Structures are given as structure tokens and as C-alpha cells.
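Colleague: Sequence and computational prediction follow.
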Amino acid sequence: MSTFDLSSSQTGGEEPRRRRRENTTITPQGAPNRRNTELVLLAFAVVVPMLAYANVGLAMDGKLPSGMLAYGLGMGVLALVAHLVLRRFAPYADPLLLPLATLLNGLGLVMIWRLDKAGSLLRNNFEAASNQLMWSALGVALFIGVVLVLKDHRILQRYTYISMVVALVLLAAPAFFPSRAEDFGAKIWIRFGSFSIQPGEFAKIILTVFFSGYLMVKRDALALASRRFMGMYLPRGRDLGPIIVVWLLSILILVFETDLGSSFLFFGLFVVMLYVATERTSWIVFGLLMSISGAALVATSEPHVKTRIDAWLDPMAAFAPKPPANSTEQIGQTLMAFGSGGTTGTGLGQGRSWLIQFAAKSDFILGSFGEELGLTGLMAIFLLYGLIVQRGLRTAIAARDPFGKLLAVGLSSAFALQVFVVAGGVTGLIPLTGMTMPFLAQGGSSLVANWALIAILLKISDSARRPAAEPAPTTTVDGATEQTRGALA
Amino acid sequence: MSELTLTVMRLGFLAVLWLFVIVAVQVIRSDLFGTKVNQRTARRAAAPAAAGAGPGGPARPPQQASGPPTQGGRRRGGPTQLVVVQGSLAGTTVALQGQTITLGRAHDSTIVLDDDYASSRHARIYPDQTGQWTVEDLGSTNGTYLDRQRLTTPTPLQPGMPIRIGRTVIELRK
């Protein structure tokens, strides 16, 4: 019947659009392709670190730095290549993640270069900026590799248990390598000659894949088979199994590798994902109780951890006329750097960053940022991290498949937890743990792993925001109609 | 470098950094997607237009006022919108553009029915091969009624026929 033929030109084009404006209508609206927005933001994200670079050069030497063009071109080319790959292979991906990561990476590069220039004032100083630029290039290469190879994030679901094994091997590996004096008590590195990697950073991503795959299958059993007790759902004993295994594992990491940060990260990640998968508050209560008891147990028995907690409780103890044994001045120095920065900071290149003597470029790089950019700059940096996490969680909401949802939640909360652990430790909110600030801090493994994390999030967001395929035309063949009906009912 | 230049640079850099954050938030604002709801702002303006467009009038179909269906205005051309006439969603319209419209309590339905008597996947309305709009009950518990008849098979729809699902009544309009 041509009378009701709606595909005719009569209703197409201008007419429906005008009609929609005039009435209350509900139209499913897909996410637009935002690659041009991304390109503009990306250009902005390359320009901001360049300004910082010029600022440092002008403040320290009175002239524009000579390597400015090279660094700018380097970052610009890396960003452009990543953008073009996204344009071709993930056209609907989130427009913000890549510029945010690029900006943080660029700011980190500038700050490391600025600390390089402090020269011998900084303890154990060596030229790290060019190395970091090389690692950034490697990170972007891995980013591109993930975008190209990972056709669909659901492929990762097939490797649920393999990824568990790989993650455990990666986590356990550093314990079997000889520790060195300059590792400061934490065994989290694997060394091949002068080359070292930190497998925990990669284990973070791989473990998230395992958690997502596992919880997707088990979440109904975990959520529904429970007894109600005092307003809380108590899970059955056998469902508690996996959480106890992960808890023991994180305690073991803590004991054998004395890596407070990683064990907090993994346990926190598991609790977050359990909560998201099951919507049961009881898991959070259990998680908190278990982590507190575990931490208390280790804190009393392990001297390395105990030192950290003492330094957290009284950061200024090391500056006393008679400092207690094993005291450390790291947190105190960082707090003073924050204080000296004040609200608007001393200006890039004008702080006294060498007064932060320990790990100024890696774990304590936030201290340098806090001093030179002040509270205002630090808040902007935290907001940039917050935006990355927000985009990740938004991707999780938009994702259509449960595995993608859990993976996106897991990756973004791992990122958020890492930022919290580092920022909290440096500002004295929680005991200090040896982790690196994602993208900002010096350290190849962290940088490369976080670029891979962003790539996976972008792939998930690409599939989540991709408009649904046109519905197949309904056939009148009875069998086919039955099938459609069965699928829809 | 003079003190003034350095101060200007320091504050300028902070401003640029914050500008980036603000631009990023603006992008998030413009990037919202999901379901778009437009208010009927031009309802009063549309009503005279509907009265003016009689049978054999201009090529575009008449605008639909929110009142009862104007049976007299029927002419060649298919229905262009689906209107919820009764129920909590009364007044809602969906433009018909050849897509399948699903009705039910499931949150991914085109029209999400907040109705105690509706099933999660209750019914769907779709153009069949010839473009004839058809309503089909998807095995709902309380049934879909066309006039007083409970639907058992996919049934062709004419504009103005009330489809009742629980307390909600919808119909196609030109």
C-alpha cells in the first residue's frame, strides 16, 4: 500500500525536522562523531605544554629554550598520529580522553625537563626529559597498536582466566628478582641490565580484564544468593571465596614486595567492581573491614610499612632536633613545597624544587607542580584527572554489553584509585605509597601502561557511541517473523 | 626577565590551563547523547496551520493539534507521528521515520511505559514490507488492544485507531 509509504520523499528531509521542533517529541539521538572537536582540543593540549616550556625557559635562562621546536613538534606529531588512527579506526570514540592524556603527558615532560635544569642541586639528578619523550613515543605506539589490534573489546572476554594467570605471574615476578639498594625497599621492578620495567602497571590492566570477565559470569550468584542480616546482604561462604583469594593475594604482595600502593590498588579495584557488578553495599562494608584489618596486621609486623605510617602520622618529625630512628623527611618537604607555592604558585621555573630531595621527578612530582603552579594549578591538574575518570565512567554507562561496562568501570576506577593513592600520599592524607602519578611522573612502564589503558577505554567508547545499525526490514515470511518475535519478547 | 613579565606569564599560564579545563567541560556539555526531548513550543502556532491545510491543500501534511484526531483532514499520505493520547505520557509524540517503535517498561524501549499493566517488552509498531504501519503484541501479559479487540497477530494500523496498553492509549496520526 503506497498510501502509508513513509520512506517516500514526502516525509524525508526538512519536513520531519521542522515537525520535531514544533511538538514534544522523543527521538533517539546517537552520539555525534566528534573527531573535529578532538583535533581542536588536541591542538590546545599541545599548545599548553609549549607555553609552559617557554615559561620555564624565560624564567630560568631569560630566553626561549632552544629545544622548544623539537619538543613541540615531537608532541604534536605523536598527538596527530594518534588522532589520525582514531579517525580511521575508532571514529565514534570519546573526544576528550586523548587530549586530556596528551596534556597531562606534556605537562609531565615540561616539569621533568625543568627539574633536569635544576642540575646538580637535585640529588641523583640526570637528564630524564629526552628519555621520557622516548617513553611517550612508545606509549603512543602501544596506544595505536591497541586501537589497531583490538577490533572489539569483547575479544578480551575470551582471555578471562589466561589474563588472571598472566597478571599473577607479572605481580609475582619482581619478588624473584634480586632487590637493589636504590629500590627503597619496594620490590616492584624487573631489571634486565640497565633496563627496568614495573610489571605491576601492566598487571593493573590485565587484572581488570580478569575481574570483568569473572564478575560478568558470577555477578548474579554473588548478588542474589545471599542471606539478609541486619539490613545487609551477607553473601554465601562459597561466593566469598574469590574475594578472600584476592585479599590474600594483595596481602602477600604487601608482605613480599612491600608495595603498599599496588596492594591497595588491586584490592580497591576488586571491591569497586564487585559493588558495580552486584549493587550490594555489603561488599563495600566487607571490603573496607578486610582492608583495614589486613593493613593493621601488616603495619604492625612489617618495618618498612610501619615507617611509612609513622611518617604519615607525623610528617615533621624528621625535622625535630632529635629525629626518631627511621624517620623520613619526604612528606614534610612536599608539604613545605605546597605551602611555599600558595594559591597561585611561584611560577614555572622559579620554585626551589631541589629542596624536595627524594624522587622529585617521579613520586613527588606533584610537589613540584604544587610549588610552581600553586593550588590553582594543582586543582586544574586534578580536574584533568577527574575528567578522564568521568569520561571512562560515562563510557561504562553508554556501553551496551555488561563486559564492556565492567571493563570501563574497572579501568577508570583503577586510574582514579592510582591518582588518589599518589595524591593522597603526597599531600599527607593517607600513608605514602610508592606509586607514580599517571602520565605526569617520570617512569616508562607507568606511561606506556596508561596509554594502553586510554586506548582500551577509547575502543569501548567507540563501540558504545557507535549508532545502532539500521534495523533489518521485517519480512512477512512466517518463520522469520516468529524468530524476530522470539528475540524481542 | 622583569618581575612583571614573570608574574604575567605565571598568571597567564594558570588562566590557559583553566581555559582548557573549561573548554573540556563545555565539550562534555555539548556531547550529551541518549534521548532528546523537545517541548512543543509552537503548539498554538501549529493549530491554525492545521486548520488551513484542508484536503488537497499544500503538499505537506497538516499539523496535528493536541486535541482529538481530526478525522476530516484525512488525505493520501501515511501517518507521520505516533501520539500518546491517554496515560502518564499523554501528549508525547514520536516522529515516524520508518523505524520500529518498541513499547514497554524496558528502559531501552522507544516509548518507555510507566504503567503497572505493561510488560517490559510489550508491543512494537513497525512498517511492514509495503510500508504499512503494523502493530504487534510481543507476548505481553495483559495484552494489547486495538479498539476493543485483543491483538493476536500483527495487525495493520490506520491513523486514528486507538491502541490500548494498560492505561496508556496511543494512536497514529498524520
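Modeller: On my side now, so go ahead.
Colleague: Please, which helix or strand holds B:V16?
Modeller: helix B:3-30 (DSSP states H and E).
Colleague: pLDDT averaged over that helix - what is it?
Modeller: For helix B:3-30, mean pLDDT rounds to 91.
Colleague: swap in stretch A:351-369?
Modeller: Averaging pLDDT along stretch A:351-369 gives 78.
Colleague: Distance from it to the middle of the chain?
Modeller: How far stretch A:351-369 lies from its chain's middle: 22 Å, per CA atoms, centre = their mean, to the nearest Å.
Colleague: And stretch A:345-355, by the same measure?
Modeller: 27 Å.
Colleague: Buried ones in that stretch, by neighbour count?
Modeller: For stretch A:345-355, burial by neighbour count (16 or more other CB atoms under 10 Å in any protein chain shown) applies to A:G345, A:T346, A:G347, A:L348, A:G349, A:Q350, A:G351, A:S353, A:W354, A:L355. In short, each C-beta sits where N, CA and C put it, glycine included.
Colleague: For that stretch, which outside residues touch it?
Modeller: A:52, A:55-60, A:110, A:114-115, A:117-118, A:121-123, A:333, A:336-337, A:340-341, A:360, A:367-368, A:370-377, B:6-7, B:9-10, B:13-14 (CB atoms under 8 Å, 6 or more residues apart in numbering or on different chains).
Colleague: what residues are up against the closest residue to A:W312 other than its chain neighbours?
Modeller: Closest residue in space to A:W312, ignoring its immediate chain neighbours: A:P431 at 4.1 Å, by CB to CB, 6 or more residues apart in numbering or on different chains. By CB under 8 Å, 6+ apart, A:P431 lies in contact with A:L260, A:V305, A:R308, A:I309, A:A311, A:W312, A:G425.
Colleague: repeat that with 7 Å
Modeller: With contact taken as CB atoms under 7 Å, 6 or more residues apart in numbering or on different chains, A:P431 is in contact with A:L260, A:R308, A:I309, A:W312, A:G425.
Colleague: so which of those residues comes closest to A:E279?
Modeller: A:L260 (29.7 Å; CB to CB).
Colleague: Now do the closest residue to the closest one other than its chain neighbours against B:Q26, distance only.
Modeller: Among residues not flanking A:L260 along the chain, A:T433 sits closest, at 4.0 Å (CB to CB, 6+ apart). Using CB to CB, to the nearest Å, A:T433 is found at 35 Å from B:Q26.
Colleague: Between these two, point out the one with more neighbours.
Modeller: A:T433 (22 against 11; other CB atoms under 10 Å in any protein chain shown).
Colleague: Confirm that A:L84 lies within a helix, as I assumed.
Modeller: Yes: counting by DSSP: H, G, I helix; E, B strand; the rest coil, A:L84 falls inside a helix.
Colleague: Near it, how many other residues are there?
Modeller: Count around A:L84 with other CB under 10 Å applied: 13.
Colleague: Could you pull out the buried residues of whichever strand or helix holds A:M134?
Modeller: In this assignment (DSSP H and E), A:M134 forms part of helix A:129-149. Neighbour counts over helix A:129-149 (16+ other CB under 10 Å) mark A:129-130, A:132-133, A:135-137, A:139-140, A:142-144, A:146-147 as buried.
Colleague: Now distance to A:V217 too, for those, in TSV please.
Modeller: What follows is those, written out as TSV (distance: CB to CB, whole Å):
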residue	distance to A:V217
A:A129	46
A:S130	46
A:Q132	40
A:L133	42
A:W135	36
A:S136	37
A:A137	38
A:G139	32
A:V140	34
A:L142	29
A:F143	29
A:I144	32
A:V146	24
A:V147	27
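Colleague: From the residues you listed, pick the one nearest A:S413.
Modeller: Using CB to CB, these come closest to A:S413 at A:V146, 19.4 Å.
Colleague: ok, the closest one - contacts?
Modeller: By CB under 7 Å, 6+ apart, the neighbours of A:V146 are A:A452, A:A455, A:I456.
Colleague: And what about B:T102, helix, strand or coil?
Modeller: strand.
Colleague: for the stretch 351-489 of chain A, what spans make up the helices?
Modeller: A:365-398, A:402-427, A:444-465, A:478-488 (DSSP state H, counting those that start in this stretch).
Colleague: OK, contacts around A:L109?
Modeller: A:P49, A:A129, A:Q132, A:L133, A:S136.
Colleague: And for A:I205?
Modeller: Per CB under 7 Å, 6+ apart, neighbours of A:I205: A:L411, A:A449, A:A452, A:L453.
Colleague: change it to 8 Å
Modeller: A:L411, A:A414, A:A449, A:A452, A:L453, A:I456.
Colleague: what's the burial count for B:L6?
Modeller: For B:L6, using other CB under 10 Å, the count is 18.
Colleague: can you tell me the helix or strand for the most centrally placed residue in chain B?
Modeller: Geometric centre of chain B, nearest residue: B:V94, 2.8 Å, by CA atoms, centre = their mean. Using DSSP H and E, B:V94 sits in strand B:93-95.
Colleague: any idea how far that strand is from the chain center?
Modeller: 4 Å.
Colleague: Chain A: strands as residue ranges?
Modeller: Using DSSP state E, the strands of chain A run over A:25-29, A:190-192, A:195-197, A:226-229, A:232-235.
Colleague: Check chain B too.
Modeller: Under DSSP E, chain B gives strands at B:34-38, B:81-86, B:93-95, B:101-104, B:111-112, B:123-127, B:133-137, B:145-146, B:149-150, B:155-156, B:163-165, B:168-173.
Colleague: rewinding a little: work out the gap between the helix holding A:M134 and the centre of the chain.
Modeller: 16 Å.
Colleague: Okay, angle between that helix and helix A:444-465 too, please.
Modeller: 30 degrees (axes from the mean of the first three to the mean of the last three CA atoms, to 10 degrees).
Colleague: which among the contacts of stretch A:345-355 end up buried?
Modeller: Buried among these (16+ other CB under 10 Å): A:52, A:55-60, A:110, A:114-115, A:117-118, A:122, A:333, A:336-337, A:340-341, A:360, A:367-368, A:370-374, A:376-377, B:6, B:9-10, B:13-14.
Colleague: which one of the strands of chain B has the lowest average pLDDT?
Modeller: Averaging pLDDT over each of the strands of chain B puts strand B:34-38 lowest, since it has a mean of 60.
Colleague: out of everything not next to it in sequence, what's closest to A:L100?
Modeller: A:I388 (5.0 Å).
Colleague: for A:W283, that is, sorry about that
Modeller: A:L274 (4.4 Å).
Colleague: Let me see the confidence value for the one you found.
Modeller: pLDDT recorded at A:L274 is 85.
Colleague: Let me know the pLDDT of A:K218.
Modeller: pLDDT, A:K218: 79.
Colleague: swap in the one 3 residues further on?
Modeller: Turning to A:A221, the model gives it a pLDDT of 75.
Colleague: quick one: A:N55 from A:L64, how far?
Modeller: Taken as CB to CB, the span from A:N55 to A:L64 is 10 Å.
Colleague: out of the contacts of A:V146, who's nearest A:L100?
Modeller: Relative to A:L100, and with distances defined as CB to CB, the nearest of the contacts of A:V146 is A:A455, at 13.5 Å.
Colleague: nearest residue to that closest one other than its sequence neighbours?
Modeller: Leaving aside its sequence neighbours, A:A455 sits nearest to A:V146 (CB to CB, 6+ apart; 3.7 Å).
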